[in-house]
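K.L.:
Return a 3D structure for these sequence lines:
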Amino acid sequence: MSYVEVPGAKVPIRMWADPASVEGGAMQQLQNVATLPWIKGLAVMPDVHYGKGATVGSVIAMRGAVCPAAVGVDIGCGMSAVKTSLTANDLPGDLSRLRSKIEQAIPVGRGMHREMVDPGRLFQFATAGFGDLWSRFDTVAEPVKFRRERAEKQMGTLGSGNHLIEVCLDEAGAVWLMLHSGSRNIGKELAEYHIGEAQKLPHNQGLVDRDLAVFVADTPQMAAYRSDLYWAQEYAKYNRAVMMALLQEVMRREFRKAKVTFDPVISCHHNYVAEERYEGMDLLITRKGAIRAGAGDLGIIPGSMGTSSYIVKGLGNEAAFNSASHGAGRRMSRSAAKRRFTVRDLEEQTRGVECRKDAGVLDEIPGAYKPIEQVMEQQQDLVEVVAKLKQVVNVKG
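P.N.:
All right, here's what the predicted structure looks like:
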């Protein structure tokens, strides 16, 4: 579909979703964002749903301002995927050992490594810039600096919620590796600190929602936030890179005889800020639950733990600020999912997938998400499909 335009206070709201299907709370959030004095455009992806401050699945273009709550607390959250030389015929019938080996190599939930992972020992890991990330840690917000040791040990860890590691097959039977994670606790702490700082500023006192508090250009608060923001986005990128290297090591060990090789890794943020230019203006583009889909950009749009995911190529649609959805998007809250579904439902909806099938991941049941095929249908003018994947192993926190 092309977009539907809904009137907004300062800018029209361009929606790649049926407005009638968007929950009332999310639609009100979009209207609230459209009241911001600095806003120059607002695009809504087909996976849109209610979030804190700004909706998940929104792309907010502002001039000289950025809203930290619209970025979200998992700064730099995103996806990585890589095609391997393995095929379905190389995989054993019982994949429980492979899942166990992945969980042993990559801490999940609140887990962390005993010591910071040495990138120099990782398989084909590009170490350039990694040391610089840590040399710049002293510039982050003072109240967060005491978290350095934890941040070091969480580098290369999955986290919980909708974060995942998967072994997938494409339609030709090739094996892919895919993972989803962000900036872990350090990103959360930086985000919460700056959201609090923004809410104290005088220019934010009359906003319709205090969670839409912004930093404005040419102020020390904006400079401090953007420094920490870009640091956390880089941390998230390296976190995924370390995990992917660890995952590749698992596959090389488990399939030693096959001598596994890997294509270049595809990686994309979907909670982040970028400086981009549209209609002659330099804008700060906040993608909260959206990927960059400029012409030729490779991206990853996952479904849920029992449905398909897609490798895509951007079509460069400037009406959407060169963006696309970041996934299927939730159609119900975590608490609602736990009330509605049972473990038996989870077992049925993840049939054929080696994964957790217990009450601890019930809120991640496929039924709690929108149909990924419908989401892809609604953004045919944003991306083209490169590969369709279906998981055979899923690791959750």
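
K.L.:
Spell out for me which residue occupies the centre of the protein.
P.N.:
Gly78 (3.1 Å; C-alpha atoms, centre = their mean).

K.L.:
I figured that one hits Arg287, correct?
P.N.:
No: counting by C-beta atoms under 8 Å, Gly78 sits too far from Arg287 to count as a contact (9.8 Å). For glycine as for every other residue, the C-beta is placed from the backbone atoms N, C-alpha and C.

K.L.:
which residues are common contacts for those two?
P.N.:
Counting by C-beta atoms under 8 Å, 6 or more residues apart in numbering, the shared contacts of Gly78 and Arg287 are 269-272.

K.L.:
Might you specify the subset of these located within strands?
P.N.:
Those of those mapping onto strands are 269, 271-272, per DSSP state E.

K.L.:
In JSON lines, list these along with pLDDT and distance to Phe137.
P.N.:
Formatted as JSON lines, the entries for those read as follows, by pLDDT from 0 to 100; distance: C-beta to C-beta, whole Å:
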{"residue": "His269", "pLDDT": "97", "distance to Phe137": "20"}
{"residue": "Asn271", "pLDDT": "97", "distance to Phe137": "21"}
{"residue": "Tyr272", "pLDDT": "98", "distance to Phe137": "19"}
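
K.L.:
now, which of the residues you listed sits nearest Ala69?
P.N.:
Sorting those by how near they are to Ala69, with C-beta to C-beta, puts Asn271 at the top with 11.3 Å.

K.L.:
tell me which element the nearest residue to Ile301 once chain neighbours are set aside is part of?
P.N.:
The shortest distance from Ile301 to any residue other than its chain neighbours is 4.6 Å, reached at Tyr310 (C-beta to C-beta, 6 or more residues apart in numbering). For Tyr310, the element it lies in under DSSP states H and E is strand 308-314.

K.L.:
How about residues contacting that strand?
P.N.:
Contact with strand 308-314 is made by 81, 166, 168, 176, 178, 266, 292-303, 322, 324, 372-373, 376, 382-391, as judged by C-beta under 8 Å, 6+ apart.

K.L.:
Okay, and which of those residues map to helices?
P.N.:
In helices, judged by DSSP state H, the following of the contacts of strand 308-314 are found: 372-373, 376.

K.L.:
Low-confidence ranges, this structure, go.
P.N.:
Low-confidence regions of the chain, defined by pLDDT under 70, span residues 1.

K.L.:
Any buried residues in the lengthiest helix in it, and which?
P.N.:
In the chain, with assignment by DSSP H, the single longest helix is helix 220-254. Within helix 220-254, the residues scored as buried using 16 or more other C-beta atoms under 10 Å are 222, 224-226, 228-252, 254.

K.L.:
neighbours around Arg110, how many?
P.N.:
12 (other C-beta atoms under 10 Å).

K.L.:
next one: Ile39
P.N.:
A count of nearby residues for Ile39, using other C-beta under 10 Å, gives 22.

K.L.:
List the contacts of it.
P.N.:
Applying C-beta under 8 Å, 6+ apart, the residues contacting Ile39 are 10-11, 33, 60-62.

K.L.:
can you check Ala26 too?
P.N.:
Taking C-beta under 8 Å, 6+ apart as the definition of contact, the neighbours of Ala26 are 48-51, 55.

K.L.:
That one: which element?
P.N.:
Secondary-structure assignment from DSSP H and E places Ala26 in helix 24-33.

K.L.:
next one: the helix or strand following that helix to chain centre, how far?
P.N.:
Stepping forward along the backbone from helix 24-33, the first helix or strand reached (DSSP H and E) is strand 39-49. A distance of 16 Å separates the C-alpha centroid of strand 39-49 from that of its chain, computed with C-alpha atoms, centre = their mean, to the nearest Å.

K.L.:
just stretch 264-276 next, same as before
P.N.:
9 Å.

K.L.:
Mind listing what's buried along it?
P.N.:
Those buried within stretch 264-276 under the rule 16+ other C-beta under 10 Å are 265-273, 276.

K.L.:
Can I get that stretch in PDB? Just the C-alpha atoms.
P.N.:
In PDB, the C-alpha atoms belonging to stretch 264-276 read as follows (Å, rounded to 0.1, in the frame of the first residue of the first chain):
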ATOM      1  CA  PRO A 264      29.100 -10.600   4.900                       C
ATOM      2  CA  VAL A 265      27.100  -9.800   8.000                       C
ATOM      3  CA  ILE A 266      24.000  -7.600   7.500                       C
ATOM      4  CA  SER A 267      23.300  -5.300  10.500                       C
ATOM      5  CA  CYS A 268      20.800  -2.500  11.100                       C
ATOM      6  CA  HIS A 269      19.600  -0.400  14.100                       C
ATOM      7  CA  HIS A 270      15.900   0.100  14.600                       C
ATOM      8  CA  ASN A 271      15.900   2.400  17.700                       C
ATOM      9  CA  TYR A 272      18.200   5.300  16.900                       C
ATOM     10  CA  VAL A 273      18.800   8.800  15.600                       C
ATOM     11  CA  ALA A 274      20.500   9.800  12.400                       C
ATOM     12  CA  GLU A 275      21.300  13.100  10.700                       C
ATOM     13  CA  GLU A 276      19.800  13.200   7.300                       C
END
